[in-house]
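A.B. asks: Predicted model and sequence follow; I will ask about them next.
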Amino acid sequence: MKPALAAALSTMAIAAAMASPAPPPPAAEPADAAGNAGTTLSLSARKVYEQARSQLVQIRTVLKGRASQTSVGSGFFVTPEGHLVTNFHVVSQAALKPERHDLVYVTADGREAPVTILAIDVRHDLALLKAGDAGTRRFDALALRPAGRALAQGERIYSLGNPLDVGFAVMEGNYNGLVKRSFYPQIFFGGALSGGMSGGPALDQDGQVIGVNVARRVDGEQVSFLVPSAFVAALLARAKDGAPLKTPAHAEVAAQLQAHQAELTERFIAQGWKPDTHPRYRVPVPREGFMRCWGGSEVSRTGGLDMERSDCVMDTHIFAGEFNTGTISVRHESYDGSKLGALRFAAQNGQSFRNESFTRLRADLQTRPQCHEDFLDRDGLTLRAVACLRAYKKLPGLYDLSVLVATLDQPASGVQGRFDVQGVSFDNAQRLARHYLQAYARVAR
């Protein structure tokens, strides 16, 4: 371990001492995973599609100098000058490896032309593009629904795109408000999104854009998500006249992730911890402003270890090109080994602590974990704590943090906790580690 990193990790533990799931449902996956494109359309859906057909495109990522495509998604024109919008995850290969990939758009009538990237918004999974033939023609463009016109619960909306690369289509569904406990606003679309529809528009009955297709749940029917069109308007205003991105966009991705982690850190610390989470200890369980907590228990029928568990996760994560990041999870397990006795409990409890792993991404993406272990005194409560950092190689200044904690004050019972933050700055990793460790304490009797 580098001396500076070891000292910093030690400082995290010492400062905390001195100052002192049931598994969650699977996360949403990008909408360009497999899905079913078949549906029966209403007359209004057919009308919306026919009116928007000329503004829709398929976005293809192709190997430079070859005809073969590596990925496909959808997009749409937003200005007569040839600006298009899609998802960042649709064009991420070209954004991060422009020396290997080109982008082209293909219209419903088969017209094809190159595309350049003007700007990306990784926090909301958006990209602003410019048609390569923009200087030779004017384009039909979709209008954004005015921000002052709120949608009503249950209002019909229509998602358009090219599902599974089989042809342009429209999926009809309902507006169900904003997703609860999402870190960033997302629209809950009660309709189907299929593979290849990522980046396509979702329209109201007047044909105005209310959102951009982005993801769907894999564990439920008709549960999909849209990026609100307000973020499209902001991206267009910011970058409409900008120069194309010509070099790998890692620095821009890193800068936007820095902004995300700064906001995430402040909001996470500000929301505080739930009270009364354990009869003997104060155990850090976050409030559920933008997280979901799931619990469970296991009672041994053979005289073994009884266990209660809490898992808290964010639904929101940030797609960074080859992996997801920008999220927090908090877990703890409470053990009762009174049926085992002190020696057998110590052995099982210690093995459980050792079983925790600090994995990393591929070696070309992330460094090996650098860890520091210490024993902390929290007002008479002895804690064993391990803090680990893993640095992103292509996103300088960003790290994954893991903190593992075990209480040591009882001979046949205790709590083990784990705190994971992905894509955080070095300074905020220290702040969050202190915030987590300082939350442990005895409950006054």
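C.D. replies: Nice, I can see it.

A.B. asks: all helices of the stretch 301-445 of the chain, in order?
C.D. replies: Residue ranges of the helices in the stretch 301-445 of the chain, as given by DSSP state H, counting those that start in this stretch, are 342-355, 426-437.

A.B. asks: Which secondary structure elements does the longest one sit against?
C.D. replies: In terms of contacts (3 or more Cβ pairs under 8 Å, 6 or more residues apart in numbering; DSSP states H and E), helix 342-355 is packed against strand 328-336, strand 399-407, strand 413-424. Where C-beta positions appear, they are placed from N, C-alpha and C, glycine not excepted.

A.B. asks: Parallel or antiparallel, list what pairs with the second one.
C.D. replies: Put plainly, it is strand 399-407. strand 381-391 (antiparallel), strand 413-424 (antiparallel) (DSSP bridges).

A.B. asks: ok so, going back, can I get the helices and strands packed on helix 342-355 in TSV with mean neighbour count?
C.D. replies: Below are the helices and strands packed on helix 342-355 laid out as TSV (neighbours: other Cβ atoms under 10 Å):
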stretch	mean neighbour count
strand 328-336	21
strand 399-407	23
strand 413-424	22
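
A.B. asks: Using CSV, please lay out those together with mean pLDDT and distance to Glu99.
C.D. replies: CSV is the format used below for those (pLDDT from 0 to 100; distance: least, Cβ to Cβ, whole Å):
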stretch, mean pLDDT, distance to Glu99
strand 328-336, 95, 34
strand 399-407, 97, 27
strand 413-424, 97, 25
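
A.B. asks: would you list those in a markdown table and tack on distance to Gln208?
C.D. replies: Below are these laid out as a markdown table (distance: least, Cβ to Cβ, whole Å):
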| stretch | distance to Gln208 |
| --- | --- |
| strand 328-336 | 36 |
| strand 399-407 | 41 |
| strand 413-424 | 34 |
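
A.B. asks: Out of those strands, the one nearest Val212 is which?
C.D. replies: Nearest to Val212 among the helices and strands packed on helix 342-355 is strand 413-424 (22.6 Å), distances taken as Cβ to Cβ.

A.B. asks: Alpha carbons only: can I get the closest one in CSV?
C.D. replies: Taking C-alpha atoms only, strand 413-424 is exported to CSV below (Å, rounded to 0.1, in the frame of the first residue of the first chain):
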residue,chain,number,x,y,z
SER,A,413,-23.9,-11.9,19.9
GLY,A,414,-23.1,-8.9,17.7
VAL,A,415,-23.6,-6.9,14.5
GLN,A,416,-21.6,-6.8,11.3
GLY,A,417,-22.2,-4.0,8.9
ARG,A,418,-21.0,-3.1,5.4
PHE,A,419,-21.0,0.3,3.6
ASP,A,420,-20.2,0.6,-0.1
VAL,A,421,-19.9,3.8,-2.2
GLN,A,422,-19.1,3.6,-5.9
GLY,A,423,-17.5,6.5,-7.7
VAL,A,424,-16.6,8.9,-4.9
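
A.B. asks: does Gln237 sit in a helix, a strand or a coil?
C.D. replies: Residue 237: Ala, not Gln. helix (DSSP: H, G, I helix; E, B strand; the rest coil).

A.B. asks: Lowest-scoring secondary structure element of the chain by mean pLDDT?
C.D. replies: helix 3-18 (a mean of 38; mean pLDDT, DSSP states H and E).

A.B. asks: circling back: which one, of the helices of the stretch 301-445 of the chain, ends up nearest to Asn162?
C.D. replies: Asn162 sits nearest to helix 426-437 of all the helices of the stretch 301-445 of the chain, at 40.1 Å, using Cβ to Cβ.

A.B. asks: tilt between that closest one and strand 399-407?
C.D. replies: Helix 426-437 and strand 399-407 meet at an angle of 20 degrees, taking axes from the mean of the first three to the mean of the last three Cα atoms, to 10 degrees as the criterion.

A.B. asks: got the domain boundaries for the chain?
C.D. replies: Per the record, the chain has its domains at 3-26+253-442, 31-246, by automatic domain parsing.

A.B. asks: right, so these: which one is the most enclosed?
C.D. replies: Of all the domains of the chain, domain 31-246 has the most neighbours on average by mean count of other Cβ atoms under 10 Å, namely a mean of 19.

A.B. asks: Quick check: mean pLDDT of it?
C.D. replies: For domain 31-246, the mean pLDDT works out to 92.

A.B. asks: same check, this time on stretch 358-374
C.D. replies: Stretch 358-374 comes out with an average pLDDT of 93.

A.B. asks: what's the spacing between Phe76 and Ala52?
C.D. replies: Distance of Phe76 to Ala52, given as Cβ to Cβ, to the nearest Å: 8 Å.

A.B. asks: Need the overlap of contacts for those two.
C.D. replies: Counting by Cβ atoms under 8 Å, 6 or more residues apart in numbering, the common neighbours of Phe76 and Ala52 are Leu142, Leu160, Pro201.

A.B. asks: Which secondary structure element is home to the second one?
C.D. replies: In other words, Leu160. Following DSSP states H and E, one finds Leu160 within strand 156-161.

A.B. asks: try the first one
C.D. replies: Taking DSSP H and E as the definition, Leu142 sits outside all helices and strands.

A.B. asks: ok now the helix with the most length in the chain, how far from the chain's centre?
C.D. replies: For the chain, the longest helix by residue count, based on DSSP state H, is helix 250-271. Mean-position distance between helix 250-271 and its chain equals 12 Å (Cα atoms, centre = their mean, to the nearest Å).

A.B. asks: With stretch 313-333 instead?
C.D. replies: Offset of stretch 313-333 from its chain centre (Cα atoms, centre = their mean): 5 Å.

A.B. asks: And the pLDDT for the residue most central in space within the chain?
C.D. replies: Residue closest to the average C-alpha location in the chain (Cα atoms, centre = their mean): His317, at 0.9 Å. Looking at His317, its pLDDT stands at 95.
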